[in-house]
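Q: Predicted structure and sequence below. I'll ask about it afterward.
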Amino acid sequence: MGARVLERFPAGAPRGSWPAEEYAARCRAEGGRATVVMDLGTDAFLVVVPGADDDRPPSAARASAG
C-alpha cells in the first residue's frame with residue numbers, strides 16, 4: 001500500500017507553527033483523508049493521502065492488479 005504526497009513542509013518551522021498539520025486539517029475539513037508523516041531522509045513533513053499511490057481511478061488500479 002502506498003500514499004500520494006499532497007504537499008511537503010520543511011521541518012524547521014518556527015516554534016509553535018505547524019504548517020503541515022494545518023494544511024492536513026484543511027484537507028480533512030474538505031472531506032479528504034490527509035495525514036502528516038515525517039520523511040527522515042529529507043527532514044520534511046509530508047501531507048499524504050493513504051492508499052493512493054498514483055492518480056489512476058480505483059477501477060483502473062484494480063484492472064492492472066488482476
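A: Yep, that arrived. Keep in mind it's a predicted model, so treat the numbers as computed, not measured. Numbers count the residues shown, from 1 in each chain.
Q: So what's the gap between stretch 19-32 and the chain middle?
A: Distance of stretch 19-32 from the chain centroid (Cα atoms, centre = their mean, to the nearest Å) equals 10 Å.
Q: again with stretch 29-40
A: From the chain centre to the centre of stretch 29-40 is a distance of 4 Å (Cα atoms, centre = their mean).
Q: Give the buried residues for it.
A: A34, T35, V36 (16 or more other Cβ atoms under 10 Å). All C-beta spots, glycine's among them, are computed from the backbone N, C-alpha and C.
Q: Grab the nearest non-local neighbour of the residue nearest the centre of the chain.
A: The chain has V48 as the residue nearest its centroid, 0.9 Å off, counting by Cα atoms, centre = their mean. Closest residue to V48 apart from its sequence neighbours, by Cβ to Cβ, 6 or more residues apart in numbering: A3 at 4.0 Å.
Q: Likewise for R8?
A: In space, R8 is closest to A44, 5.0 Å off (Cβ to Cβ, 6+ apart).
Q: The one you found pairs with what?
A: Using DSSP bridges, the bridge partners assigned to A44 are P10, D39.
Q: which residues touch stretch 28-48?
A: Counting contacts by Cβ atoms under 8 Å, 6 or more residues apart in numbering, the residues outside stretch 28-48 that touch it are 3-12, 19-21, 23-24, 27, 49-50.
Q: ok, 7 Å please
A: Residues from elsewhere that reach stretch 28-48 (Cβ atoms under 7 Å, 6 or more residues apart in numbering): 3-11, 20-21, 23-24, 27, 49-50.
Q: Mind checking which of these are buried?
A: Among the contacts of stretch 28-48, the ones that count as buried by 16+ other Cβ under 10 Å are A3, L6, E7, F9, A20, E21, Y23, A24, C27, V49.
Q: Report pLDDT for the residue lying closest to the fifth one once chain neighbours are set aside.
A: With sequence-adjacent residues excluded and distances taken as Cβ to Cβ, 6+ apart, A20 is closest to F45, at 3.7 Å. The predicted structure scores F45 at 96 on the pLDDT scale.
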